[in-house]
Every structure is written in structure tokens, then in C-alpha cells.
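1. structure for the following, please:
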Amino acid sequence: MSPEDRERLAKSRWQMLQLLRFTGIVLMILGMWIWAGDILRIGGWPLVGLPLFALGAFEAILLPTILARRWKSPPSK
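-> Numbers count the residues shown, from 1 in each chain. Predicted coordinates for the structure are as follows:
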């Protein structure tokens, strides 16, 4: 793999991690808004908002860490 290819791969992976973090944060905010706000139902809707918040937290916090660790390890045979 040439240095240009490595740099392109690293840049695309970095962009993917940032996109995951951003969309996870958006899901967390939307989940909190549904959970505690009056967006879908008066008084909030925890049954919908809480799982959405948890999914966003997983996507923003854990998934980038898992992917980065997987990309650093050598490929298994």
C-alpha cells in the first residue's frame, strides 16, 4: 500500500468516526427531547426517548472506540 493510499484510508476512517460521533450526539439530543419534552406527547414519552438516547450514546461513545481498536489490530488469518 502506497503512502498516499494509507493517508486516504486514515482520512476516510477519521471522517467515519467523526460522523458516528456527531450522529450519536444528535440521536441522544433527540431522545432526551422525546423523553422529557412535549415533542410527541404531552409530558414526554420515556418509552420511546430512552431507547433512542441509549442508541445514540452507544453510537457516540462506544462504537468509535470499537472501530478504532479493530482498525489498529492486524488482520487475522
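
2. what ranges of the chain fall below the confidence cut-off?
-> 75-77 (pLDDT under 70).

3. middle-most residue in the chain, spatially?
-> E59 (2.7 Å; C-alpha atoms, centre = their mean).

4. thought that one was touching V26?
-> No: in this structure E59 lies outside contact range of V26 using C-beta atoms under 8 Å: 9.4 Å. Bear in mind the C-beta positions are built from the backbone N, C-alpha and C, glycine included.

5. the residue nearest to the centre of the chain and Q15, how far apart?
-> Using C-beta to C-beta, to the nearest Å, one gets 15 Å for the distance from E59 to Q15.

6. please apply the same query to T65.
-> From T65 to Q15 the distance is 16 Å (C-beta to C-beta).

7. ok, back up a step: and for the nearest residue to the residue nearest to the centre of the chain once chain neighbours are set aside, the neighbour number?
-> Residue nearest to E59 in three dimensions, not counting chain neighbours: G24, with 3.4 Å by C-beta to C-beta, 6 or more residues apart in numbering. Other residues within reach of G24, judged by other C-beta atoms under 10 Å, total 20.

8. what's the answer for L55, then?
-> L55: 14 surrounding residues under other C-beta under 10 Å.

9. perfect, that will be all.
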